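[1] let me see the structure of the following:
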Amino acid sequence: MEFEKLQKIISEVLNVGEDEITMDTTFVDDLGADSLDVFQIIMGIEEEFDIEIANDAAESIVTVGDAVEQIKNATN
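    Residues are numbered from 1 along each chain as shown. The predicted structure follows:
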């Protein structure tokens, strides 16, 4: 469930198809996101899941799977 919601957020921010986004997809290398894009995605995650991701945790998010892990950690 987290992954599907995350796909939608990433798709909207980066204007890419949801089918291009997998757990192993990297934001910068695979999707061409810059730091502002990643910030917008993190803001979207925080809003969608009503969580807060610490700056040091946000800096460790490289792949979509990393983001899903942060969501799971913050919602447990």
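[2] now for Phe3: which residues touch it?
    Neighbouring residues of Phe3 by CB atoms under 8 Å, 6 or more residues apart in numbering: 23, 64, 68. C-beta coordinates here come from the backbone N, C-alpha and C atoms, glycine included.
[3] count the neighbours of the first one for me.
    For Met23, the neighbour count with other CB atoms under 10 Å is 13.
[4] need the next SSE after the longest helix along the chain, C-terminal direction.
    Using DSSP state H to assign secondary structure, the helix with the most residues in the chain is helix 35-49. Once helix 35-49 ends, the next helix or strand along the chain (criterion: DSSP states H and E) is helix 55-59.
[5] name the helices or strands packed onto that next one?
    helix 64-75 (3 or more CB pairs under 8 Å, 6 or more residues apart in numbering; DSSP states H and E).
[6] coming back round to it: JSON lines for the contacts of Phe3, including distance to Asn55?
    Shown next, in JSON lines, are the contacts of Phe3 (distance: CB to CB, whole Å):
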{"residue": "Met23", "distance to Asn55": "23"}
{"residue": "Val64", "distance to Asn55": "19"}
{"residue": "Val68", "distance to Asn55": "19"}
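[7] so which of the residues you listed comes closest to Met1?
    Met1 has its nearest neighbour among those in Val68, at 10.0 Å by CB to CB.
[8] excluding its backbone neighbours, what's nearest that closest one?
    Spatial nearest neighbour of Val68, chain neighbours left out: Glu2 (5.2 Å); criterion: CB to CB, 6 or more residues apart in numbering.
[9] quick check: that neighbour touching Ile71?
    Yes. Applying CB atoms under 8 Å as the test, Glu2 and Ile71 come out as touching, 4.7 Å apart.
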